[in-house]
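> whatever this is, show me its structure:
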Amino acid sequence: MARPYTPGLTPRPAPAALEAAALDPDDPAANRVFAEGLSRMAAGYYWEAHECFEAVWHASGRRTPVGHVLQGLVRVCAGAVKARQGQPAGVQSHGEGAAAHFRAAQQATGRAQLAGLDLEPWAAWAEQWAQHPPGAVSLDEPVFALPPIRVSRPS
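Predicted structure coming up:
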(Lines give C-alpha, C1' and ligand atoms only; values in the text may rest on other atoms or scores of the structure.)
Protein backbone atom coordinates (compact mmCIF):
# COMPACT_ATOMS: atom_id res chain seq x y z
CA MET A 1 0.00 0.00 0.00
CA ALA A 2 1.18 3.53 -0.73
CA ARG A 3 2.06 6.03 1.99
CA PRO A 4 -0.87 7.36 4.01
CA TYR A 5 -2.35 10.46 2.40
CA THR A 6 -1.71 13.70 4.25
CA PRO A 7 -3.01 16.81 2.43
CA GLY A 8 -0.16 19.05 1.36
CA LEU A 9 2.48 16.46 2.23
CA THR A 10 1.88 13.27 0.25
CA PRO A 11 0.22 12.47 -3.09
CA ARG A 12 -3.52 11.93 -2.98
CA PRO A 13 -4.67 8.49 -4.07
CA ALA A 14 -7.68 8.01 -6.31
CA PRO A 15 -10.82 8.02 -4.14
CA ALA A 16 -12.19 4.58 -3.41
CA ALA A 17 -15.70 3.74 -4.50
CA LEU A 18 -17.35 2.85 -1.21
CA GLU A 19 -20.81 1.33 -1.11
CA ALA A 20 -21.53 1.44 2.59
CA ALA A 21 -24.48 -0.03 4.42
CA ALA A 22 -25.92 1.25 7.69
CA LEU A 23 -23.96 0.11 10.72
CA ASP A 24 -25.62 -2.32 13.12
CA PRO A 25 -24.31 -1.04 16.46
CA ASP A 26 -24.59 -4.53 17.97
CA ASP A 27 -22.73 -6.26 15.12
CA PRO A 28 -20.20 -3.75 13.74
CA ALA A 29 -17.97 -6.51 12.33
CA ALA A 30 -20.69 -7.32 9.80
CA ASN A 31 -20.12 -3.97 8.07
CA ARG A 32 -17.26 -4.41 5.60
CA VAL A 33 -16.62 -0.68 5.08
CA PHE A 34 -16.63 0.02 8.84
CA ALA A 35 -14.20 -2.87 9.43
CA GLU A 36 -11.96 -1.53 6.66
CA GLY A 37 -12.03 1.91 8.30
CA LEU A 38 -10.95 0.44 11.62
CA SER A 39 -8.13 -1.45 9.94
CA ARG A 40 -6.93 1.64 8.09
CA MET A 41 -7.13 3.79 11.20
CA ALA A 42 -5.12 1.29 13.26
CA ALA A 43 -2.46 1.21 10.52
CA GLY A 44 -2.16 5.01 10.44
CA TYR A 45 -4.11 5.58 7.22
CA TYR A 46 -6.31 8.27 8.74
CA TRP A 47 -7.53 10.02 5.60
CA GLU A 48 -8.46 6.71 4.06
CA ALA A 49 -10.16 5.57 7.28
CA HIS A 50 -12.15 8.80 7.51
CA GLU A 51 -13.52 8.14 4.02
CA CYS A 52 -14.78 4.72 5.17
CA PHE A 53 -16.34 6.07 8.37
CA GLU A 54 -17.94 8.98 6.52
CA ALA A 55 -19.56 6.63 3.99
CA VAL A 56 -21.01 4.47 6.78
CA TRP A 57 -22.07 7.61 8.68
CA HIS A 58 -24.13 8.82 5.71
CA ALA A 59 -25.73 5.38 5.33
CA SER A 60 -26.46 5.10 9.07
CA GLY A 61 -28.13 8.44 9.65
CA ARG A 62 -26.11 11.47 10.54
CA ARG A 63 -28.12 12.46 13.63
CA THR A 64 -28.50 9.03 15.20
CA PRO A 65 -26.55 7.59 18.13
CA VAL A 66 -24.52 5.38 15.78
CA GLY A 67 -24.07 8.47 13.60
CA HIS A 68 -22.46 10.20 16.58
CA VAL A 69 -20.03 7.29 17.03
CA LEU A 70 -19.10 7.43 13.36
CA GLN A 71 -18.72 11.20 13.40
CA GLY A 72 -16.50 10.80 16.47
CA LEU A 73 -14.28 8.41 14.50
CA VAL A 74 -14.22 10.83 11.55
CA ARG A 75 -13.06 13.56 13.94
CA VAL A 76 -10.38 11.27 15.43
CA CYS A 77 -9.02 10.65 11.94
CA ALA A 78 -9.17 14.34 11.05
CA GLY A 79 -7.25 15.16 14.23
CA ALA A 80 -4.55 12.66 13.31
CA VAL A 81 -4.23 14.24 9.85
CA LYS A 82 -3.91 17.66 11.52
CA ALA A 83 -1.17 16.24 13.77
CA ARG A 84 0.75 15.10 10.71
CA GLN A 85 0.29 18.56 9.19
CA GLY A 86 1.73 20.14 12.34
CA GLN A 87 -1.53 21.93 13.22
CA PRO A 88 -2.09 21.55 16.99
CA ALA A 89 -5.20 23.78 16.94
CA GLY A 90 -6.79 21.36 14.47
CA VAL A 91 -5.86 18.41 16.69
CA GLN A 92 -7.46 20.17 19.65
CA SER A 93 -10.65 21.07 17.79
CA HIS A 94 -11.13 17.59 16.35
CA GLY A 95 -10.29 15.87 19.65
CA GLU A 96 -12.85 17.95 21.52
CA GLY A 97 -15.42 17.33 18.77
CA ALA A 98 -14.78 13.57 18.83
CA ALA A 99 -15.24 13.46 22.60
CA ALA A 100 -18.53 15.38 22.31
CA HIS A 101 -19.83 12.92 19.70
CA PHE A 102 -18.90 9.84 21.75
CA ARG A 103 -20.65 11.34 24.79
CA ALA A 104 -23.72 12.30 22.73
CA ALA A 105 -24.07 8.67 21.61
CA GLN A 106 -23.80 7.50 25.22
CA GLN A 107 -26.34 10.05 26.45
CA ALA A 108 -28.80 9.22 23.66
CA THR A 109 -28.71 5.47 24.30
CA GLY A 110 -27.75 5.12 27.96
CA ARG A 111 -25.28 2.50 26.77
CA ALA A 112 -21.63 2.34 27.77
CA GLN A 113 -20.68 0.57 24.54
CA LEU A 114 -21.87 1.11 20.99
CA ALA A 115 -20.47 -0.15 17.69
CA GLY A 116 -17.57 -1.84 19.46
CA LEU A 117 -16.38 1.27 21.32
CA ASP A 118 -16.44 1.83 25.07
CA LEU A 119 -17.77 5.36 24.72
CA GLU A 120 -16.55 7.12 27.87
CA PRO A 121 -12.96 5.82 27.58
CA TRP A 122 -12.89 6.92 23.93
CA ALA A 123 -14.25 10.35 24.89
CA ALA A 124 -11.67 10.74 27.67
CA TRP A 125 -8.89 9.57 25.34
CA ALA A 126 -9.92 12.08 22.64
CA GLU A 127 -9.96 14.89 25.20
CA GLN A 128 -6.51 13.87 26.42
CA TRP A 129 -4.87 14.11 23.02
CA ALA A 130 -6.80 17.32 22.32
CA GLN A 131 -5.26 18.86 25.43
CA HIS A 132 -1.81 17.47 24.68
CA PRO A 133 -1.38 17.29 20.88
CA PRO A 134 1.55 15.20 19.70
CA GLY A 135 4.71 16.97 18.58
CA ALA A 136 6.44 16.07 15.35
CA VAL A 137 4.90 12.91 13.93
CA SER A 138 5.92 10.52 11.19
CA LEU A 139 4.03 10.42 7.92
CA ASP A 140 4.38 6.64 7.89
CA GLU A 141 3.63 5.58 11.47
CA PRO A 142 0.38 5.79 13.45
CA VAL A 143 0.05 9.09 15.32
CA PHE A 144 -1.30 7.49 18.51
CA ALA A 145 -2.28 4.19 20.09
CA LEU A 146 -6.04 3.73 19.97
CA PRO A 147 -8.27 2.61 22.84
CA PRO A 148 -9.69 -0.91 22.51
CA ILE A 149 -12.35 -1.64 19.91
CA ARG A 150 -14.50 -4.78 20.18
CA VAL A 151 -15.83 -5.77 16.80
CA SER A 152 -15.81 -9.56 16.92
CA ARG A 153 -18.87 -11.29 15.51
CA PRO A 154 -21.35 -12.53 18.13
CA SER A 155 -21.41 -16.32 18.62
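
> what's stretch 140-151 in contact with?
The list of residues contacting stretch 140-151 from outside it, by CB atoms under 8 Å, 6 or more residues apart in numbering, reads 3-4, 28-29, 34-35, 38, 41-44, 46, 80, 83-84, 113, 116-118, 121-122, 125, 129, 134, 137. Heads up, the C-betas are built off the backbone N, CA and C, glycines and all.

> confirm that Cys52 sits in a helix.
Yes. Cys52 forms part of a helix when assessed by DSSP: H, G, I helix; E, B strand; the rest coil.

> where does the closest residue to it other than its chain neighbours land in three-state SS?
Nearest in space to Cys52, with sequence neighbours left out and distances taken as CB to CB, 6 or more residues apart in numbering, is Gly37 at 3.1 Å. Here Gly37 takes the helix state, with states given by three-state DSSP.

> per-residue confidence at Gly37?
Looking at Gly37, its pLDDT reads 94.

> just after the longest helix anywhere in the chain, pick out the following helix or strand.
Secondary structure of the chain per DSSP state H: the longest helix is helix 88-109. Downstream of helix 88-109, the first helix or strand assigned by DSSP states H and E is strand 113-114.
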